[in-house]
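Trainee: Got a predicted model here, sequence first, then my questions.
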Amino acid sequence: MRYEELTGRIQSHADLPDRQAAERALRATLETLAERVPDGVADHLAAQLPGEAAESLRRVVSGHEASPRQREHARTRGEPFDLTTFAGRVAWRSRASEDVAVREAAAVLEVLDAAVSPELMTKVGHVLPPDIRELLPSARAEEA
């Protein structure tokens, strides 16, 4: 899927006013997701996305290289946080309220579910805690 198609679908699913809002929601969700999942999962997700979207994931993963302790933790588990923290980080990054950020993140994850392999989205669901997993499309959330 091309970047323009990806952001267009996010704009439509989240009922956003313009493409820039969709890009903010995508970037905020992917960066926060990259903090929460193991680096290998983030790398696989980046490999299946258009370059502009993949950059958000890769930027976070490359930041983990700064500290050996952080690198080991990020490589194996990701940073442990719940939906409240996830929503707060997405909201801060996208300059939206937490309620809006959760709605937009769910739309981003729904579009990602259609854009990448089903196996990868199932893997993403497996590494997320149950409260964040609920943002995945219902079929993926149930599989995980």
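Mentor: That came in fine, so what should we check first?
Trainee: After the helix or strand bottoming out on mean pLDDT in the chain, heading C-terminal, what element do we hit next?
Mentor: Of all helical and strand segments in the chain, the minimum by mean pLDDT, DSSP states H and E falls on helix 68-76, at a mean of 54. Scanning forward in sequence from helix 68-76 by DSSP states H and E, the next helix or strand is helix 83-94.
Trainee: list the helices and strands that following helix packs on?
Mentor: helix 19-36, helix 98-115, helix 130-133 (3 or more C-beta pairs under 8 Å, 6 or more residues apart in numbering; DSSP states H and E). All C-beta spots, glycine's among them, are computed from the backbone N, C-alpha and C.
Trainee: buried set for it?
Mentor: Residues of helix 83-94 classed as buried: 83, 86, 87, 89, 90, 91, 93, 94 (neighbour count, 16 or more other C-beta atoms under 10 Å).
Trainee: Just want the angle from it to helix 19-36.
Mentor: Angle, helix 83-94 to helix 19-36, by axes from the mean of the first three to the mean of the last three C-alpha atoms, to 10 degrees: 140 degrees.
Trainee: Please put the alpha-carbon coordinates of helix 83-94 into PDB.
Mentor: Extracted as PDB, the C-alpha positions of helix 83-94 are listed here (Å, rounded to 0.1, in the frame of the first residue of the first chain):
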ATOM      1  CA  LEU A  83      -3.500   1.900  27.700                       C
ATOM      2  CA  THR A  84      -3.500   5.000  29.800                       C
ATOM      3  CA  THR A  85       0.200   5.700  29.100                       C
ATOM      4  CA  PHE A  86      -0.300   4.600  25.400                       C
ATOM      5  CA  ALA A  87      -3.200   7.100  25.000                       C
ATOM      6  CA  GLY A  88      -1.200   9.900  26.800                       C
ATOM      7  CA  ARG A  89       1.800   9.400  24.500                       C
ATOM      8  CA  VAL A  90      -0.300   9.300  21.300                       C
ATOM      9  CA  ALA A  91      -2.200  12.400  22.500                       C
ATOM     10  CA  TRP A  92       1.000  14.300  23.300                       C
ATOM     11  CA  ARG A  93       2.500  13.400  19.900                       C
ATOM     12  CA  SER A  94      -0.600  14.200  17.900                       C
END
